[in-house]
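**Q** coords please:
(2 chains)
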Number of protein chains: 2
Amino acid sequence: MNVIEVPDADDERLADYVRLRDVNLRKSLEAEHGLFMAEGEKVVRRALRAGYRPRSLLLTERRAAALADVVGTVRAPVYTVAESVAERLVGFDLHRGVLASFQRKPLPGVDEVLAGARRVVVLEDVVDHTNVGAIFRSAAGLGVDAIVLAPRCADPLYRRAVKVSMGAVFTMPYTRLDDWHGGLEGLRERGFALLAMTPAPDSVTLAEAVGDGAGKYALLLGSEGDGLSFRWMDQADVRVRIPMAERDVDSLNVTAAAAIACYELVVNR
Amino acid sequence: MNVIEVPDADDERLADYVRLRDVNLRKSLEAEHGLFMAEGEKVVRRALRAGYRPRSLLLTERRAAALADVVGTVRAPVYTVAESVAERLVGFDLHRGVLASFQRKPLPGVDEVLAGARRVVVLEDVVDHTNVGAIFRSAAGLGVDAIVLAPRCADPLYRRAVKVSMGAVFTMPYTRLDDWHGGLEGLRERGFALLAMTPAPDSVTLAEAVGDGAGKYALLLGSEGDGLSFRWMDQADVRVRIPMAERDVDSLNVTAAAAIACYELVVNR
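**A** As a prediction, the model looks like this:
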């Protein structure tokens, strides 16, 4: 039987789950062990369905029944703890009561991710995990084929991104470029038109740029504050915008812009 | 001269700014005094531009120069405090260094908000202030004419909503229905087709529902978890969806759905 009751938050078998809100600690701990965290029943099930290998599951006593069907088949220890132990361990009230630690897989190569793809989103330096998660959710939901990350874009498998994505980070093919400076060239060589999103009024509208949609498009999105770097803007084939009203609002936030752009790029063609 | 240095976080002239993250305290304090908070230089300027009357401004010493032009003309006290005082007062590191307390205005009536409007967003029970702010930003940016809130929708002038909206809550005409049960009837009587957003696959696509866009449309959006209530769904003229891909993602989040729907409703017609 793989269900193990653990009475003590300091038990080293629970080390994967320690202080989940301590961003710096988590980043180094997760990098060192190649793990990531999934939270909530739905998201944990999606990670399993996507073939990620669990290191362990952690259930609070109140929620132990929620994953009863999974517990019977999963090949990893399932730790059950009291709510108070969970709270002391992770550092906040774990009201969802279901956590799992998963082993990461090696990221696929660019060739593998782009094979057969016609609609791709490329995130330069989106630094907020919530935004990365939200963009993955929209892109997956709307049918984008793949996502490519610049070297400094936030990690899609960080807990907050996983959660906000509702698990879309597990099913959306993605990889990360090693090379920021020259990385876009590889996309161009594979036949993608590079569309740089910007609120600048001297750009063309997304609908104009995509036209009848017969082609392969890579949509470039930049960081929350400053948008795309000069380098990437300069590398792009065309600068595209979402038409804005005149109402003292100068731009959309990056997740809204991404959702609209994916819709225009995929659904409307 | 209206600039007053205040050395002590307990000074009662700073009472508007106390414990900004204490949601319950803030809700009752702001309701009692009919005030709301704006944070950051850009947002404070937008509130002033939109004609809201400031009760006071609060600047940290480091940021006192940022609003120098405003300080000279605003008819309200401008308190300057040390960073440490600001942090003790508001309860977190106030790195933006600029806050203002404004007097609310009475909400306009439904007739006033809808006069001349052709594209309207109606939020039922969107409870998260971040989502309300993001939806206002997208709606304003894309050119929606007005927003109508159900009685239990979260407050657009709550600090977090104001901030996320980047001040769009000041320029977007909006009001709140008194009556949840019968409130939609008033929209229908004014000639609006009621479009209920849902991920349900047996609905029609938004593009089909809007057709050539010759008409007046009210887009109904429900709460984060459960979507629209049965009552509102039942009252709607048509249930509309955004077409989704098959990728183990069953819906978009409400801000992404709102952004796409506003785009389809306004920009694409």
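**Q** Can you tell me the SS state at the nearest residue to A:Arg159 once chain neighbours are set aside?
**A** Among residues not flanking A:Arg159 along the chain, A:Met37 sits closest, at 4.5 Å (C-beta to C-beta, 6 or more residues apart in numbering or on different chains). Any C-beta I mention is one placed from the backbone N, CA and C, and that applies to glycine too. Counting by DSSP: H, G, I helix; E, B strand; the rest coil, the backbone at A:Met37 sits in strand.
**Q** who does A:Met37 bridge with?
**A** A:Ser101 (DSSP bridges).
**Q** List the contacts of it.
**A** By C-beta atoms under 8 Å, 6 or more residues apart in numbering or on different chains, the residues touching A:Met37 are A:Asp16, A:Tyr17, A:Leu20, A:Arg26, A:Glu30, A:Leu99, A:Ala100, A:Ser101, A:Phe102, A:Arg159, A:Val162.
**Q** Could you pull up the contacting residues of the nearest residue to A:Tyr263 once chain neighbours are set aside?
**A** Distance criterion C-beta to C-beta, 6+ apart; nearest residue to A:Tyr263, sequence neighbours excluded, is B:Ile260 at 4.7 Å. Counting by C-beta under 8 Å, 6+ apart, B:Ile260 makes contact with A:Ala259, A:Ile260, A:Tyr263, B:Leu206, B:Ile242, B:Leu252.
**Q** Would you reformat those residues as JSON lines and include distance to B:Arg190 and secondary structure?
**A** Putting the contacts of B:Ile260 into JSON lines (distance: C-beta to C-beta, whole Å; DSSP: H, G, I helix; E, B strand; the rest coil) gives the following:
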{"residue": "A:Ala259", "distance to B:Arg190": "29", "secondary structure": "helix"}
{"residue": "A:Ile260", "distance to B:Arg190": "28", "secondary structure": "helix"}
{"residue": "A:Tyr263", "distance to B:Arg190": "29", "secondary structure": "helix"}
{"residue": "B:Leu206", "distance to B:Arg190": "21", "secondary structure": "helix"}
{"residue": "B:Ile242", "distance to B:Arg190": "26", "secondary structure": "coil"}
{"residue": "B:Leu252", "distance to B:Arg190": "29", "secondary structure": "coil"}
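**Q** ok, so of these, who is nearest B:Gly182?
**A** B:Leu206 (25.8 Å; C-beta to C-beta).
**Q** okay but the closest one is in contact with B:Leu195, surely?
**A** Yes. Between B:Leu206 and B:Leu195 there is a contact under C-beta atoms under 8 Å: 7.3 Å.
**Q** mind listing what the residue nearest in space to the middle of chain A touches?
**A** Closest residue to the average C-alpha location of chain A: A:Pro156 at 3.1 Å, with C-alpha atoms, centre = their mean. Counting by C-beta under 8 Å, 6+ apart, A:Pro156 touches A:Val132, A:Gly133, A:Phe136, A:Ile147, A:Leu149, A:Val162, A:Ser165, A:Val169, A:Tyr174.
**Q** Please produce JSON lines containing those, extended by neighbour count and pLDDT.
**A** Listed next are those as JSON lines, based on neighbours: other C-beta atoms under 10 Å in any protein chain shown; pLDDT from 0 to 100:
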{"residue": "A:Val132", "neighbour count": "28", "pLDDT": "97"}
{"residue": "A:Gly133", "neighbour count": "27", "pLDDT": "97"}
{"residue": "A:Phe136", "neighbour count": "29", "pLDDT": "97"}
{"residue": "A:Ile147", "neighbour count": "27", "pLDDT": "98"}
{"residue": "A:Leu149", "neighbour count": "22", "pLDDT": "97"}
{"residue": "A:Val162", "neighbour count": "29", "pLDDT": "96"}
{"residue": "A:Ser165", "neighbour count": "30", "pLDDT": "95"}
{"residue": "A:Val169", "neighbour count": "28", "pLDDT": "96"}
{"residue": "A:Tyr174", "neighbour count": "21", "pLDDT": "97"}
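**Q** Filtering those residues by proximity to chain B, which remain?
**A** Near chain B, taking C-beta under 8 Å from any C-beta of the partner chain as the test, no member of the contacts of A:Pro156 is found.
**Q** For those, give me a markdown table that also has distance to B:Glu61.
**A** As requested, those are exported to a markdown table (distance: C-beta to C-beta, whole Å):
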| residue | distance to B:Glu61 |
| --- | --- |
| A:Val132 | 36 |
| A:Gly133 | 37 |
| A:Phe136 | 42 |
| A:Ile147 | 44 |
| A:Leu149 | 40 |
| A:Val162 | 41 |
| A:Ser165 | 41 |
| A:Val169 | 43 |
| A:Tyr174 | 45 |
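**Q** Let me know the closest of those to A:Ala218.
**A** A:Ile147 (10.2 Å).
**Q** secondary structure class for that closest one?
**A** A:Ile147 ends up strand, using three-state DSSP.
**Q** Setting the sequence-adjacent residues aside, check what's closest to it.
**A** Leaving aside its sequence neighbours, A:Ile147 sits nearest to A:Tyr174 (C-beta to C-beta, 6+ apart; 4.1 Å).
**Q** What number of residues are in the vicinity of whichever residue of the stretch 1-150 of chain A sits closest to chain B?
**A** Among the residues of the stretch 1-150 of chain A, A:Gly143 lies closest to chain B, at 3.1 Å counting by C-beta to the nearest C-beta. Applying other C-beta atoms under 10 Å in any protein chain shown, we find 18 residues neighbouring A:Gly143.
**Q** Likewise for A:Pro201?
**A** For A:Pro201, the count of nearby residues is 9 (other C-beta under 10 Å).
**Q** is it true that it touches A:Ile242?
**A** No. Between A:Pro201 and A:Ile242 there is no contact under C-beta under 8 Å: 11.3 Å.
**Q** so how far is B:Leu142 from the residue nearest to A:Arg159?
**A** A:Met37 sits 36 Å away from B:Leu142, going by C-beta to C-beta, to the nearest Å.
**Q** Give me the domain ranges for chain A.
**A** A:3-103, A:110-267 (automatic domain parsing).
**Q** residue contacts, the closest residue to A:Ala245 other than its chain neighbours?
**A** Nearest residue to A:Ala245, sequence neighbours excluded (C-beta to C-beta, 6+ apart): B:Gly143, at 3.1 Å. Going by C-beta under 8 Å, 6+ apart, B:Gly143 touches A:Met244, A:Ala245, A:Arg247, B:Arg119, B:Cys262, B:Val266, B:Val267.
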